[in-house]
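S.K.: test case, fold it:
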Amino acid sequence: MAKEEAESGQERGIETLVDLYRRGIEREKADAFVYRTRGGEWRPVSTGELAERVRAVALGLADLGVGTESRVGLLSENRIEWIEADLGVLTCGAADVPIYPTHAPKQVSYILNDAQVEILFVSTAAQLERIGSALDECPRLRTVILFDAPVTGQPHPAGRSWTVLGYGAFLDRGRGLDQESPTRYPLLAEGVGPESVATLIYTSGTTGDPKGVVLTHRNLTTNVLINCRLAELKAGETGLSFLPFSHIFERNWLYMYLHAGTSVHLAEAVETVVRDLGEVSPHIMTSVPRLYEKFYTRAMEKAAEGGAAKLAIARWAMDVAREWARVEDRGETPGATLRLQHALADRLVLSKWRLAMGGRLRAMVSGGAALSPDLALVFFGAGLRIYQGYGLTETAPTITTNYPGTNRIGSVGRPIDGVKVRIAADGEILCNGPNVMREYFNKPRETSEALTQDETGSIWFHTGDIGQLDKDGFLYITDRKKDLLKTSGGKYIAPQPIENLIKSSRYVSQVVVIGDDRKFPAAIVVPNFEALNQYAAQIGLPSLAPSELIKRPEIVSFVEAEVNAATVELPQYERIKGVLLLDRELTVESAELTPTLKVRRRVVTERLKESIDQLYAEKESAYRGQGAGRS
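M.R.: You can find the predicted model right below:
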C-alpha cells in the first residue's frame, strides 16, 4: 500500500517527519532497530519500545523548556539513544543540531553558539570530559543530558555553568510526566508543519567555518518518501547501518527504514562491518566509496594469500565480472562465451565473495563521494549491485540517484521525482525542488550566493559541483568547482577522476592529486601496506615498517609504475609525473578528511608542503634534463 501511495513522491497525510514517524510506528509492530550490547549480543528494539522512549524524551525536553523555537544539540556516536533523542526532539516540536563526535572542542563550541543551543545530548563521560572546557564557552547552554551517566553518583564534577542530567533519570522524568498528563504528548508537535525547521546540520566543509544548513520538515519528508519507493524497501527485510547519523545521508536512510518497516542493525563501527555482514546477512546497506574499495582490496588480498595461482584466477574472475557488467550496462545480452566464462568465474570466485558479504545483499547504495566506475563494474558483474546517488546536505540530501531497474554505471542517476537539474554556463550543477534548504543559518550573504532566483521566480541551489547530463537525463559529476587544479601552464585538471583511476590498483589505499600552480600534477599516495609487503617479499625484501618501506627505491619505482599504468590513457597534461608516498593513512582525527571522508586537499598540502616542494624540485629538474616538464 505504501508504495502505491508514494508514487508521486508524497504519501497521503504525511507532510512532516512527525507524521512519518507516527505512521511508521502505527503500521509496523516489529523490531525497528537492532544494536549490539556491550556484551556482544544483538539487542532488538521493537517499535513499541522505541515509541515509549521517544515519548519520554519529548516530554522530558518539554519540561526543560524546549519548544517549537528551540534547538537541541546531539553529540554522539551511532547508538539507539541517538535515534530516540532525534525523534524525541522532532516530536516535541523542536529542531536538533547533530554534531560529529570527532569534531574538535573548538568546532563544538562554535556550532553550539552559532545555533544557540541550550540543551545538549552527549554520549559518554569521556566525550563530555573531552569537550567540557569548550562547553564552558557556550553561555546559552543550560543542560547536558548524558547517555552513559552512572546509575548513582554525580556524572560530572560541579562548578560548571551547565548542569548534567543522566539519560535514565531524564527518561524517568518524562515517563512520570506522561502518567500525570497522558494527553500532553500528542499536543507537543501540533504546531509543526511542512515549513517548520526540523534540523540544523553544519556542513563539515573542506575550508572555513561550517555553515548551519536549515532543513525543513518538507525538505526531508519528500526526500524520504521518494527514496523509499525508488529503493523498493520492504517490511521484513534487514538493513545494515554504520555511517554516522550526524550526516544527512544515513539519517535519511534511518527515516526510510522506519517508514518502510525494514529492520536495521546498527554496526558498532566501520571496523566491525565485515564481521557484521556475516552475522546479519543484510538485504541492503549504505556506504561511502572508501569502504567498497576496501571490500574489493580485501577480496584480492585473500586471494593472494592462497598463492600466485589463486590470485591469477581471482584477477581473471574480476575481469570477467567487469566485462559482464559492461555488456549489461549497454543494455545488451551477454554472448555464449561470456556466459560460460561468467558461470565459471561465479563458481570459483564471485559466489564466495557474495557469501563473504552476507549472501543476501540485493542492493548497496553509495553516496558522499565519487564511486570509481571500474569498481562499480566489478561489483555489478559479481552480483553485488551498487547504486550510486548524488546530493548534498543542502538538498536533504538526494538530487539524483540510480536504483533497481534504472541504473547507468559511471553516472549518479537521474533526478528524483519533483527535483529539477540544469547545468549552468560554467558547468556547475544547479538544483530546484522541495528538497532544497531554506537557508544557511545566520549567513545571509552565503545564502544569497547559494540560492538564486530565475526569471520565473524559481529558486535554484548552486551545488558547487561540475557535471553534465546525457541524452537520457543521467547526471555525471566531473569534479568540485572549487576543487579544480590549475597548472602554471593554465590547464585545468579535475583531480577526482584521476584519483579514482589510481585507486584501482590494489597497492593503493588513498591518493590525493595535487598540482595547483605547478608545472604538472603529482600524487600523494598512501599505499596498501599489506599488499605492498607481499610484493616486497616477492622481490626478496625483508618485512619492513611502513616508514622504512616507502624509502626503498624499488618500492617507490613500483608504486610509480602502478600509478603510470592506471593513468596511461589520460591526456599528457593530466598524467602524474611525481609520486609522494606517505607511511600513514589520512584520517578524520587528523583533520585531513572531513567526517564524511572527503579529502581536505588544502590541509593535506599545507602539512606536507616541505615534502611536496622537494618532490617538485627533483621532478622538475629531471624533466628539464629530459627536455620535458611542460603542461
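
S.K.: only C-alpha atoms from now on, for both contacts and neighbour counts.
M.R.: Noted.

S.K.: residue 526 belongs to a strand, doesn't it?
M.R.: Yes: with DSSP: H, G, I helix; E, B strand; the rest coil as the criterion, residue 526 is assigned to a strand.

S.K.: beta partners for it?
M.R.: Judged by DSSP bridges, the bridge partners of residue 526 are residue 510.

S.K.: ok, now which ones touch it?
M.R.: 508, 509, 510, 511, 581, 582, 583, 584, 585, 586 (C-alpha atoms under 8 Å, 6 or more residues apart in numbering).

S.K.: ok, and the most crowded of those residues?
M.R.: Tallying neighbours with other C-alpha atoms under 10 Å puts residue 511 at the head of the contacts of residue 526, with 26 neighbours.

S.K.: so where's this protein uncertain?
M.R.: Scanning the chain for pLDDT under 70 picks out the ranges 1-10, 28-29, 151-158, 204-208, 622-631.

S.K.: show me how it divides into domains.
M.R.: With automatic domain parsing as the criterion, the domains of the chain are listed as 16-193+245-259, 484-625.

S.K.: which of the ones you listed sits most buried?
M.R.: Comparing the domains of the chain by mean neighbour count (mean count of other C-alpha atoms under 10 Å), domain 16-193+245-259 ranks first with a mean of 19.

S.K.: which residues in the stretch 201-350 of the chain form strands?
M.R.: Ranges of strands in the stretch 201-350 of the chain, per DSSP state E, counting those that start in this stretch, are 212-216, 238-241, 263-266, 284-287.

S.K.: need these in CSV with mean neighbour count and distance to residue 13, can you?
M.R.: Formatted as CSV, these follow (neighbours: other C-alpha atoms under 10 Å; distance: least, C-alpha to C-alpha, whole Å):
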stretch, mean neighbour count, distance to residue 13
strand 212-216, 25, 17
strand 238-241, 26, 26
strand 263-266, 24, 23
strand 284-287, 22, 27
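
S.K.: and residue 187, that's in a helix?
M.R.: Yes: according to three-state DSSP, residue 187 belongs to a helix.

S.K.: so which residue is dead centre in this protein?
M.R.: residue 368 (4.3 Å; C-alpha atoms, centre = their mean).

S.K.: what about that one, helix or strand, and which?
M.R.: In the assignment (DSSP states H and E), residue 368 maps to no helix and no strand.

S.K.: returning to that earlier point: now distance to residue 381 too, for the domains of the chain, in CSV please.
M.R.: Shown next, in CSV, are the domains of the chain (distance: least, C-alpha to C-alpha, whole Å):
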stretch, distance to residue 381
domain 16-193+245-259, 26
domain 484-625, 16
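
S.K.: tabulate the CA atom coordinates of the longest strand along the chain in PDB.
M.R.: Counting residues, the longest strand found in the chain (DSSP state E) is strand 459-469. In PDB, the C-alpha atoms belonging to strand 459-469 read as follows (Å, rounded to 0.1, in the frame of the first residue of the first chain):
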ATOM      1  CA  ILE A 459      14.900  29.100  -6.600                       C
ATOM      2  CA  TRP A 460      18.000  27.300  -7.800                       C
ATOM      3  CA  PHE A 461      20.700  25.900  -5.500                       C
ATOM      4  CA  HIS A 462      24.300  26.200  -6.700                       C
ATOM      5  CA  THR A 463      25.900  22.900  -5.800                       C
ATOM      6  CA  GLY A 464      29.500  23.900  -6.400                       C
ATOM      7  CA  ASP A 465      29.900  20.600  -8.400                       C
ATOM      8  CA  ILE A 466      30.700  20.400 -12.100                       C
ATOM      9  CA  GLY A 467      28.800  17.900 -14.200                       C
ATOM     10  CA  GLN A 468      26.900  17.100 -17.400                       C
ATOM     11  CA  LEU A 469      23.600  15.400 -18.300                       C
END
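
S.K.: oh, and call the first residue 207 from now on, that's how I've got it
M.R.: In the new count, where the first residue is 207, that last one comes out as strand 665-675.

S.K.: before we move on, the earlier item: turn the contacts of residue 732 into JSON lines, including distance to residue 496.
M.R.: Converted to JSON lines, these look like this (distance: C-alpha to C-alpha, whole Å):
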{"residue": "714", "distance to residue 496": "12"}
{"residue": "715", "distance to residue 496": "9"}
{"residue": "716", "distance to residue 496": "9"}
{"residue": "717", "distance to residue 496": "11"}
{"residue": "787", "distance to residue 496": "19"}
{"residue": "788", "distance to residue 496": "18"}
{"residue": "789", "distance to residue 496": "18"}
{"residue": "790", "distance to residue 496": "16"}
{"residue": "791", "distance to residue 496": "12"}
{"residue": "792", "distance to residue 496": "12"}
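
S.K.: thought residue 718 was touching residue 704?
M.R.: No: the criterion here is C-alpha atoms under 8 Å, and residue 718 misses it with residue 704 at 9.2 Å.

S.K.: buried set for the longest helix along the chain?
M.R.: In terms of residue count, the longest helix belonging to the chain (DSSP state H) is helix 514-535. Buried residues in helix 514-535, counted by 16 or more other C-alpha atoms under 10 Å: 516-517, 520-521, 523-532, 534-535.

S.K.: what sits against residue 425?
M.R.: Residue 425 neighbours (C-alpha under 8 Å, 6+ apart): 601, 602, 640, 641, 642, 643.

S.K.: looking at these, which is nearest residue 327?
M.R.: Among the contacts of residue 425, residue 602 lies closest to residue 327 (C-alpha to C-alpha), at 22.8 Å.

S.K.: burial count for that closest one?
M.R.: For residue 602, using other C-alpha under 10 Å, the count is 29.

S.K.: quick one: it from residue 248, how far?
M.R.: According to C-alpha to C-alpha, to the nearest Å, residue 602 and residue 248 sit 31 Å apart.

S.K.: try residue 278
M.R.: Using C-alpha to C-alpha, we find residue 278 at a distance of 29 Å from residue 248.

S.K.: name the residues linked to residue 805 by a beta bridge.
M.R.: Taking DSSP bridges as the rule, residue 805 bridges to residue 799.

S.K.: I figured residue 630 hits residue 660, correct?
M.R.: No: with contact defined as C-alpha under 8 Å, residue 630 does not count as touching residue 660 (12.0 Å).

S.K.: what about stretch 793-812, start to end distance?
M.R.: One end of stretch 793-812 sits 15 Å from the other (C-alpha to C-alpha).

S.K.: check the offset of that stretch from the chain's centre.
M.R.: The chain centroid and the centroid of stretch 793-812 are separated by 14 Å under C-alpha atoms, centre = their mean, to the nearest Å.

S.K.: name the nearest residue to residue 319, sequence neighbours excluded.
M.R.: Nearest non-adjacent residue to residue 319, counting by C-alpha to C-alpha, 6 or more residues apart in numbering: residue 344, 5.8 Å away.

S.K.: next one: residue 493
M.R.: In space, residue 493 is closest to residue 572, 5.2 Å off (C-alpha to C-alpha, 6+ apart).

S.K.: residue contacts, that neighbour?
M.R.: By C-alpha under 8 Å, 6+ apart, the contact set of residue 572 is 492, 493, 494, 495, 592, 593, 594, 595.

S.K.: having no further points to raise, I will conclude here.
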